[in-house]
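Enquirer: with the sequence up front, the predicted model follows.
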Amino acid sequence: MTSDSQPIELKENADLESAAKMVAEADMGGRQPDGRISRWLLLLVPLCWSLFQLWYASPFPYSLGFGVFNASEARAIHLAFALVLVFTAYPALKSSPRNKIPLQDWVFAILAAGCSLYLFVFQAELARRPGLPTTMDIVVGVAGVLFLLEAARRSLGLALPIVASLFLAYAFFGPYMPDLFAHRGASIPRAATQYWLTTEGVFGVALGVSTSFVFLFVLFGSLLEKAGAGNYFIQVAFALLGHFRGGPAKAAVLGSGATGLISGSSVANVVTTGTFTIPLMKRVGYSPVKAGAIEVSASVNGQIMPPVMGAAAFLIAEYVGISYSQVVQHAIIPALLTYISLFYVVDIEARKANLKGLPRETHRSPLMSAALLGMTAAGFVIFCWLVGIGLGWTREVFGAGASWAAGLGALAIYIVSLGIRSRFPDLELDDPNNPHVVLPDTAKVAPTGIHYLMPVFILVWCLMVEELSPGLSAFYGTMALIFLVITQKPLIALFRGAGDVAARLREGFDDLVDGLATGARNMIGIAIATGAAGIIVGTVSLTGIGLVLTEIVIAISAGNLIIMLLLTALICMILGLGMPTTANYVVVATLIAPVIVDVATLNGVAVALVAVHLYVFYFGLMADVTPPVGLASFAASAISRADPVKTGVQAFRYEMRTAILPLLFIFNHQLLMIGIGSWVQLVLVVGAALIGMLIFVSVTQQIFVTRSRIWESAMLLLAAAMLFQPGWFMDKVVPEYMGVPGSEVIERAEQVPEDGFLRVEVTGTDIITGVEETRVMRLPMGEPGPGAERLAAVGMQIVPFGGEVQVLGAGFGSQAERLGIRPGQTISRVFVQNPSSPANELVYIPALLLIGFVGLLQWRRRSWDQPGIPKTQAKPA
């Protein structure tokens, strides 16, 4: 290495260390104590936390008859572990020591954990005197909230504790607020009970989901990363795509998407893949700003990719009242659309700059490379199809023994795949600063990670075939992964005849301990975030601020749905500034989701609850990108050495394609696989949405075949809208639905297909304003059966009266209640499919013709050697 290049490399290494430090401080705490006791504490406490969560999720407590914890007890222990680790692993200030744990932090850790465990120790006494707290109860409640706010400040930054403190202040100072915001106000005993001593605040639904489901999925991802899956995903991505135009950027998209499957953190995803991808993107010609922005977009989108979705998938299932597998089903198409369109974004950027790919270890023609990539994608689809067929076949053949058959089959596949793996050298992450980067051969890289499918297979089996709870499914998947971590190295050594099997077995146990501890430390922020977000949830139920916010948004938007959606999107991004995904979602789901449902139903839009919750989740994630607090953008800029604000602005330009998706599936639920009647319709909807997304990217990047003119962009935007929302255009010709009398609601409910939706119009007087209102709602019908039973299953209690159907009530927490069904309303109409309405998919034809027309015009004036330069300016030599 020359002396001129050495300072540059040292600077890049320093930037990588800075980014890694940012992740460590954000996700695990930045403290690395020198003392033996402190080091053991930061190992044993998270290790015990992981073991407790595995025990709690397992069937062993019930089968053995001891160690059974109810939900409230488990939440208290869960938060106690998190509080101990926050005060010991996260320094209080920038000036606080990193190499030791100060005495005051030991005291805070013990007292904070004691406040949480108070609910575990005195649960019976608290249940005997509900609403009548003693002095000790009040002291513990107040101290617990204060400790939790400090823990949130240390682990998550100022955003969440400031928001939570404002809501606390609002709860106490209600009588002094303006008329619109005024309420009775809460006393300290009432607030202590609400926030700490019951399940209405800190120990509510959000912390319960963190305890029951989220921890094990985060642990699963941590162990999978420790096993080497993260490095494998990156290597495969580069082997497949690195040689294409702008290859490192495309590999970054694929690698980040795969890493996002096992990671719940945007920042961690940026650093995991970005330390390798960003320097390579810069090397092939991407500017530092664009290289960082591409990595940010790819990494943030990892949190909308099922199955984990940054731990929000489990919260969405709980808040909406549907199963976890349904959330995955609804979220998969938007996630795939945003990743495929990001591939197109980076390809356009590569075309603009005339970038090349990286050299391969084995030379192949472009046609052969494209064919290999296509076969790989097709092979993955065929594998998933075969797994699905195989799972169903196993159940039919083996009956009650299908689980054992699947387990033995997975074990056999695991051993065979390790035998194949042993024939290839171990993967090592290449040095991105090496001036001579040669991509490995895909045929040599792909077989080295087949065995990682075994625990994933078991997880999917438990979720989809056995239909176990997410927590129990994650337990079995994690146990399979623990077996993999322990055994993969010794078995590979055995197959290779290396003779060091015992040493490799010890390495496997070391990896397991490290993975269990790392997984627990990765959960600190999530546990604290869900607990602190419970303060906001408790304030909403205590004061009724949610109704006030609804009135404000309706007043500002003048009842216009589009304005309201844009306004709530802005609120979601503001509330998400500096917050982790889970806390962000809890806040916006509590405050904003009911507003969207309220305004949408008033505007006659029958919106599905899951669409609303995915809407607020998507826009809340945008806060990870947008300046001035976009944490992912800051992490990427630390690696790329670019301005973080410019990186965030550029990343948001790329993320416009993701931001448009929620606005689309609010009106077109088919993008969430709702209302899809056949495989043909599914292919048409997905294909049209994909083309529309690529056209929208072309508009935002101002290039299609060549540089687009303004009127061409307008035509392309119209075509994209027709592909995205064909129903809106067809409704202008023939309405898709027609109304029938509300008295037919029971009959029509029985006719709805399985897992279909029933559109109803209800009228009634608003109990607050006294104004007569008409709302249109979409009720999920679930399994087939008599109409009255299907309506009752969604919480709707009705009675025929005087030729009308009146609502007697809606079940607490039911779908009907969440959608705004209230006692005293009348079902005025039921909307059914209009038999004379043509298929909405006919709108695709003029849209594709419009795209073809613009493409032909641009083709005729395209550049001969550079995209975007008119033909008159660039002639061939």
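Expert: It's in. Numbers count the residues shown, from 1 in each chain.
Enquirer: surely residue 458 forms part of a helix?
Expert: Yes - assessed with DSSP: H, G, I helix; E, B strand; the rest coil, residue 458 lies in a helix.
Enquirer: ok, it to residue 515 distance?
Expert: Between residue 458 and residue 515 the computed distance is 17 Å (C-beta to C-beta, to the nearest Å). In short, each C-beta sits where N, CA and C put it, glycine included.
Enquirer: mind telling me what element the residue lying closest to residue 57 once chain neighbours are set aside is part of?
Expert: Of all residues not flanking residue 57 in the chain, residue 475 sits nearest, at 4.2 Å (C-beta to C-beta, 6 or more residues apart in numbering). Element membership for residue 475 (DSSP states H and E) is helix 470-496.
Enquirer: buried residues in that helix?
Expert: For helix 470-496, the neighbour count (16 or more other C-beta atoms under 10 Å) marks 470-478, 480-494 as buried.
Enquirer: repeat for stretch 122-141
Expert: By neighbour count on 16+ other C-beta under 10 Å, the buried set for stretch 122-141 is 122, 126, 133, 137-138, 140-141.
Enquirer: what's the answer for stretch 76-96, then?
Expert: Going by neighbour count (16+ other C-beta under 10 Å), the buried part of stretch 76-96 is 76-91, 96.
Enquirer: in terms of helices and strands, where is residue 96?
Expert: Per DSSP H and E, residue 96 falls between elements, in no helix or strand.
Enquirer: wait, the residue nearest to residue 57 touches residue 60, no?
Expert: No - Residue 475 is beyond contact range of residue 60, at 9.7 Å (criterion: C-beta atoms under 8 Å).
Enquirer: so how far is residue 258 from the closest residue to residue 407 other than its chain neighbours?
Expert: Nearest residue to residue 407, sequence neighbours excluded (C-beta to C-beta, 6+ apart): residue 458, at 7.4 Å. Residue 458 sits at a distance of 19 Å from residue 258 (criterion: C-beta to C-beta).
Enquirer: the more surrounded of those two?
Expert: Each of residue 458 and residue 258 has its neighbours counted (other C-beta atoms under 10 Å); residue 458 has more, 24 against 20.
Enquirer: so who does the more buried one touch?
Expert: For residue 458, the contacting residues are 406-407, 410, 476-477, 480, by C-beta atoms under 8 Å, 6 or more residues apart in numbering.
Enquirer: and those residues as CSV, adding pLDDT and distance to residue 572?
Expert: As requested, the contacts of residue 458 are exported to CSV (pLDDT from 0 to 100; distance: C-beta to C-beta, whole Å):
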residue, pLDDT, distance to residue 572
406, 69, 41
407, 72, 43
410, 75, 41
476, 88, 35
477, 87, 32
480, 89, 37
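Enquirer: want to try a markdown table for the residues you listed, with distance to residue 559 as columns?
Expert: Formatted as a markdown table, the contacts of residue 458 follow (distance: C-beta to C-beta, whole Å):
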| residue | distance to residue 559 |
| --- | --- |
| 406 | 54 |
| 407 | 57 |
| 410 | 55 |
| 476 | 50 |
| 477 | 47 |
| 480 | 53 |
